[in-house]
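**Q** Got a predicted structure plus its sequence, pasted below:
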Amino acid sequence: MPTLPSAPASTRAETVATLALAWPLILSNLAGNAITTTDVLMLGRIGPEALAAAALSVNLYNLLLFTGVGFSVAISPMIAAALGRRKGAARDSRRTFRMGLWLVGIYAVAGTLLLSFAEPIFLALGQDPALSRDAGTFMDVLRWALLPALLSFLMRNLLTAFGRAWVSLVVALGGIALNVVLNYGLIFGHYGLPALGMRGSAWATVITSLAMFVAQAVSLRFLPRLRMMHLFGRWWRFDWVRFRELAKLGIPIGLTWSFEVGVFSAAVYLMGLIDTVSVAAHVIALQLAAFMFMVPLGLSQAATVRVGYGFGAGDPRWVARAGKVAIGCALAFSVASAAIMWIFPAPLARLFLNMDAPESPAVLATAIQFLLIAAVFQLADGAQVIGAAILRGIHDTRVPMLFAAFGYWVVGIGAGTLLAFKTPLAGRGIWIGLALGLAVVAVLMLWRWSRREALGLVAPQSSTQTGVPTAVTA
């Protein structure tokens, strides 16, 4: 059974514990992002039109995917708090995971149905009819990846709370290899596979998502310290009390993620109102920014668990120390990633383009402009994701959701739209708006964290539990 956590003796000890939990999560996130990066790289070889059409579909898909991922994230602080409390940890963890399966499953079925109407949605958003048709064709395949992908994320969050994030890393690395082979084979017709063009990339995503889900499920069933918990036992039994607790915590997280992912999706559609070159350049810049973002995201996932341990144990010093370490680590990396994007924008953007295509030079020039702005908002992006994560660790999700709605949509999209269509900035204005929105959210999240005791989110006089059992009992 998983070893129960104990409070760190110093900031250094907390840093070591956080990084030990975070590094496989970071690599798993990078591996997962590498899968989508592979899709973009290979679709870019077909041409900017295919890249732009796939971008419309992928952004709508990601909006629903990451909203559902937000629901699944709720099991991390709940299980972490149960492990921090120690008593009844195994039973509480089973209940939480099983209701997570229900919550994610219900959402995925509804989401898959909605994605069936992708082309009418794109047309309603004012996108080019030919681009909307191609994007709808792509989505006809891609939508079937939603359920296995969400179930895989749910299991990753469970493994993270139990300190078994390395399993997700192994699965993600296998997913990269499979996705590369399938993309190359199904797009261009290699290895005896049919040449399906851009639809081949969608099929590669579906098959890879399904394979990763199966691999994660097998690991939960057979890992020596988890199989005795019978996590899938009687999964059909509905537990209304735990489902309601999970939904109360998870729905605000899901909406927060949807506000963030949605603002970047909206940016794609706004770019589509400018021209196809702006859409393709935006996809490239966003893919690079997202790749850099995987490190603070992994740190944030670890931070939620580390803060959750302290919260469940009733130890405010542990909570404070875990939050401070997470903020410091994320900001340090954000500075480094901003420097890379600022110094090397052109070489990075060229990776995604076939420079022999006639539209590519224009796409490259526009992507470089976007990347210079994206470099600046790396700091705000790292700060906001950590701020939301450490608040999540103390089960504070409703007010952060409101912060996200205001920052991303009122400030981010509001300012971006004005700058893009009321000034000569065009696509650059949209990126400036995104940076402003991220900065506002970061400030609000960190302000609330600094006021957590005054707001009653963590009791300053809580006493730490002193029992020292070494294993969860089934």
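**A** Yep, that arrived. Just so you know, these numbers come straight off a predicted model, no measurement behind them.
**Q** which ones are touching the residue lying closest to Gln127 once chain neighbours are set aside?
**A** Spatial nearest neighbour of Gln127, chain neighbours left out: Gly272 (5.0 Å); criterion: CB to CB, 6 or more residues apart in numbering. Where C-beta positions appear, they are placed from N, C-alpha and C, glycine not excepted. Gly272 is in contact with Ala52, Leu56, Leu125, Gly126, Gln127, Asp128, Leu131, Ser278, Val279, counting by CB atoms under 8 Å, 6 or more residues apart in numbering.
**Q** Of those, grab the buried ones for PyMOL.
**A** Entered in PyMOL, the line below selects the buried ones among these, by 16 or more other CB atoms under 10 Å:
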select buried, resi 52+56+125+127+128+131+278+279
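**Q** Of the contacts of Gly272, which is the nearest to Gly111?
**A** Closest approach between the contacts of Gly272 and Gly111, by CB to CB: Leu56, at 16.7 Å.
**Q** a markdown table for the contacts of Gly272, including secondary structure and pLDDT?
**A** As requested, the contacts of Gly272 are arranged in a markdown table below (DSSP: H, G, I helix; E, B strand; the rest coil; pLDDT from 0 to 100):
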| residue | secondary structure | pLDDT |
| --- | --- | --- |
| Ala52 | helix | 76 |
| Leu56 | helix | 80 |
| Leu125 | coil | 80 |
| Gly126 | coil | 80 |
| Gln127 | coil | 78 |
| Asp128 | coil | 80 |
| Leu131 | helix | 84 |
| Ser278 | helix | 86 |
| Val279 | helix | 83 |
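**Q** Identify, from the contacts of Gly272, the entry nearest to Val443.
**A** Nearest member of these to Val443, counting by CB to CB, is Ser278, at 29.0 Å.
**Q** Touching, the closest one and Ala267? I think so.
**A** No - counting by CB atoms under 8 Å, Ser278 stays clear of Ala267, with 10.0 Å between them.
**Q** how far away is Arg306 from Ala7?
**A** 10 Å (CB to CB, to the nearest Å).
**Q** what residues are up against the residue nearest the centre of the chain?
**A** Note on the chain: the residue nearest the mean C-alpha position is Phe66, at 6.0 Å, using CA atoms, centre = their mean. By CB under 8 Å, 6+ apart, the residues touching Phe66 are Trp257, Ser258, Glu260, Val261.
**Q** what's the answer for Ser168, then?
**A** Ser168 makes contact with Pro24, Leu25, Ser28, Met155, Arg156, Leu159, Thr160, Gln216 under the criterion CB under 8 Å, 6+ apart.
**Q** please redo it, this time with the cut-off set to 6 Å
**A** Ser28, Arg156, Leu159 (CB atoms under 6 Å, 6 or more residues apart in numbering).
**Q** Name the residue in Arg306 and Ala7 with the higher neighbour count.
**A** Taking other CB atoms under 10 Å, Arg306 and Ala7 do not tie; Arg306 has more neighbours (30 against 18).
**Q** Chain neighbours aside, what residue packs nearest to the more buried one?
**A** Arg306's closest residue in space is Ala322 (CB to CB, 6+ apart), at 4.0 Å.
**Q** The one you found and Gly70, how far apart?
**A** Distance from Ala322 to Gly70, counting by CB to CB: 21 Å.
**Q** Compare the two (neighbour count), which wins?
**A** A side-by-side neighbour count of Ala322 and Gly70, using other CB under 10 Å, places Ala322 first with 30 against 26.
**Q** Which strand or helix spans Phe238?
**A** Secondary structure from DSSP states H and E places Phe238 outside every helix and strand.
**Q** What of Phe293?
**A** helix 276-313.
**Q** and that helix, what does it pack onto?
**A** Contact partners of helix 276-313 among helices and strands, from 3 or more CB pairs under 6 Å, 6 or more residues apart in numbering; DSSP states H and E: helix 11-46, helix 48-73, helix 75-85, helix 146-161, helix 240-272, helix 316-343, helix 360-393.
**Q** how about those, which one is nearest Asn179?
**A** helix 11-46 (4.6 Å).
**Q** Which elements pack onto the closest one?
**A** Checked by 3+ CB pairs under 6 Å, 6+ apart, helix 11-46 has helix 48-73, helix 165-188, helix 276-313, helix 316-343 packed alongside it.
**Q** Over to Phe162: give its phi and psi.
**A** In terms of degrees, to the nearest 10, the main-chain angles of Phe162 are phi -90, psi 10.
**Q** Near it, how many other residues are there?
**A** Phe162, neighbours per other CB under 10 Å, totals 24.
**Q** how close does it sit to Ala326?
**A** Look at Phe162 and Ala326: by CB to CB, they are 19 Å apart.
**Q** Leu125 too?
**A** 37 Å.
**Q** low-scoring stretches of this structure, by residue?
**A** The model of the chain has pLDDT under 70 over residues 1-6, 37, 40, 44, 86, 88-89, 225, 227-231, 233, 459-474.
**Q** Quick check: the residue lying closest to Leu25 once chain neighbours are set aside vs Leu30, distance?
**A** Nearest residue to Leu25 in three dimensions, chain neighbours excluded: Gly298, at 3.9 Å (CB to CB, 6+ apart). Gly298 is 8 Å from Leu30, where distance means CB to CB.
**Q** When the two are compared, which one has more neighbours?
**A** Set Gly298 next to Leu30 and count neighbours by other CB under 10 Å: Gly298 wins out with 25 against 20.
**Q** Identify the residues contacting the more buried one.
**A** So Gly298 contacts Ala22, Leu25, Ile26, Asn29 (CB under 6 Å, 6+ apart).
**Q** from those residues, which is closest to Ile79?
**A** Nearest to Ile79 among the contacts of Gly298, with distances taken as CB to CB, is Leu25, at 15.0 Å.
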